[in-house]
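*Asks:* pasted the sequence and its predicted model underneath.
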Amino acid sequence: MIQVTPKSLGWTPAFEQAFLPYKKKGFVAGRLIRETKINFTALLHDGEDLDSIVAGKLWHEAECDADLPAVGDWVALDVKEEIPIIQAILPRQSRFSRKMSGNSSDEHVICANVHYVMVVTDPLADFNVRRLERYFLLIEKTGCIPVVVINKSDLVSKEDLTKRIAEITALSAQAQVRVMSALNDDPLEILNEYFEEGKTVALVGSSGVGKSTILNRVIRNEVMSTGDVNALTGKGRHTTTARELVLLPKGGLLVDNPGMREIQMWTDEKGLRESFADIEALTSQCKFHDCKHQSDKGCAIREAVESGALNLDRYDGYLRLEEEIAELKRRQKKRKMITERWNKRDNRVKARNLADRIQLEKDERGEV
């Protein structure tokens, strides 16, 4: 039996201070540990878990989906109602987000109040440097510490593993790399340093790389179903389908996420520039300030690629990310314009309705 305490759930003096106004109203604090299509499950300080719904006021005041509750959030709950109601979200210490899939320009908060984002991959078909690069860009924006777990290490040689580790560390100086075979090694022993009491780890990665297996071994209990990997598609079957925060027996909390099919950017130009500072430095060395980095004379980018100083795949990844961020900005600007147009129209309608009511009241009083 896991002993639940405020500290084990990640409760801090900052949350305590933020909760004071809601405590005076008789609300209780809870951390969201599960999200479904219709409700959330909140875990209270005493270990009780309550299914709850979001207050209508919170829905209406949210400017976008990112302002609504997410797994990992601390919330103020009104438990006097038949169904507990989430009345407020306490200020987040961090949030790990991506852009919503499809044509949306909205931010999708994967989980909140996270300390480490642990990206699980394997050294074979799933290993993708460009995808890891995207993860790092998103993680570093949150202020969390990125950790890459190379699972299924028993399937390749030590030389291949060394190569994979070098590729990861070349992408991010902050990234910490751990290697294991979740079926043969003890994940808790290898990852123990991240599972401190009150610290939250977000476990992400593609379907089939072993996230649920790692979680099961860490808590030594089959709380997450695991499945075989389809030999044709390389995708896992019957694995995690819902985002859930799990309290670990020896301390720490872990958010298990469904396999992510796409990692779309939710960042800005500043974050992109900082992550690709080497490329930014090269562009400033081009002979002409409007260099297209193609066949232009004195192009520092082209010279770096030709000499091998700049990896062509990395430069291509940079250009793709730049395009995505530009497209995201365009969609956000378009949405803002549409929203402003709707607001203006609604204000005009309200003004006409008020004028009609005033005129109707005058007519009823017989005034000219």
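*Replies:* Nice, I can see it. Remember, predicted model here, so these are calculated numbers, not experimental data.

*Asks:* count the neighbours of Ala66 for me.
*Replies:* 17 (other C-beta atoms under 10 Å). Every residue, glycine included, has its C-beta placed from N, CA and C.

*Asks:* now do the nearest residue to it once chain neighbours are set aside: how many residues are near it, please.
*Replies:* Nearest residue to Ala66 in three dimensions, chain neighbours excluded: Glu107, at 4.1 Å (C-beta to C-beta, 6 or more residues apart in numbering). The tally of other residues near Glu107 (other C-beta under 10 Å) stands at 18.

*Asks:* show the pLDDT at Glu107.
*Replies:* According to the prediction, Glu107 has pLDDT 71.

*Asks:* for the residue lying closest to Arg220 once chain neighbours are set aside, what are its contacts?
*Replies:* Ranked by C-beta to C-beta, 6+ apart and with sequence neighbours excluded, the top spatial neighbour of Arg220 is Pro249, at 7.3 Å. Pro249 is in contact with Ile2, Ile219, Arg220, counting by C-beta atoms under 8 Å, 6 or more residues apart in numbering.

*Asks:* now do Gly47
*Replies:* By C-beta under 8 Å, 6+ apart, the contact list for Gly47 reads Gln3, Val4.

*Asks:* please repeat the previous calculation with a cut-off of 10 Å.
*Replies:* If you count contacts by C-beta atoms under 10 Å, 6 or more residues apart in numbering, Gly47 has them with Met1, Ile2, Gln3, Val4, Thr5, Ser8, Leu9, Leu247.

*Asks:* give me the three-state assignment for it.
*Replies:* Classification of Gly47 using DSSP: H, G, I helix; E, B strand; the rest coil returns coil.

*Asks:* one more: the one 5 residues further on?
*Replies:* On the three-state scheme (three-state DSSP), Ser52 is labelled strand.

*Asks:* got the contact list for the residue lying closest to it once chain neighbours are set aside?
*Replies:* Using C-beta to C-beta, 6+ apart and skipping residues adjacent in sequence, the residue nearest Ser52 is Pro84, 4.0 Å away. By C-beta under 10 Å, 6+ apart, the contact set of Pro84 is 27-28, 30, 39-40, 42, 44, 50-53, 75, 77-78.

*Asks:* so where do the strands sit in the stretch 51-200 of the chain?
*Replies:* 74-78, 85-89, 95-99, 107-112, 116-121, 145-150, 176-179, 200-205 (DSSP state E, counting those that start in this stretch).

*Asks:* pretty sure Gly298 contacts His289?
*Replies:* No: with contact defined as C-beta atoms under 10 Å, Gly298 does not reach His289; the gap is 11.1 Å.

*Asks:* with neighbour numbers in mind, choose between the two.
*Replies:* A count of neighbours by other C-beta under 10 Å puts Gly298 above the other of Gly298 and His289, at 11 against 7.

*Asks:* any idea which helix or strand comes after the lowest-mean-pLDDT helix or strand in the chain?
*Replies:* When each helix and strand of the chain is scored by mean pLDDT, DSSP states H and E, helix 269-275 comes last, with a mean of 56. Next helix or strand after helix 269-275 toward the C-terminus (DSSP states H and E): helix 277-283.

*Asks:* just give the nearest non-adjacent residue to Ile33, would you?
*Replies:* Distances taken as C-beta to C-beta, 6+ apart place Leu245 nearest to Ile33, at 4.2 Å, with adjacent residues excluded.

*Asks:* quick one, domains of this protein?
*Replies:* As assigned by automatic domain parsing, the chain contains the domains 13-89, 95-256, 270-368.

*Asks:* what distance separates the start and the end of the first one?
*Replies:* End-to-end distance of domain 13-89: 16 Å, with C-alpha to C-alpha, to the nearest Å as the criterion.

*Asks:* same question, the second one
*Replies:* Domain 95-256 has an end-to-end distance of 15 Å (C-alpha to C-alpha).

*Asks:* now swap in stretch 64-78 and tell me
*Replies:* Terminal residues of stretch 64-78 are spaced 23 Å apart (C-alpha to C-alpha).

*Asks:* give me the buried positions along that stretch.
*Replies:* The neighbour-count check on stretch 64-78 (16 or more other C-beta atoms under 10 Å) flags Ala66, Leu68, Pro69, Ala70, Val71, Gly72, Asp73, Trp74, Val75, Ala76, Leu77, Asp78 as buried.
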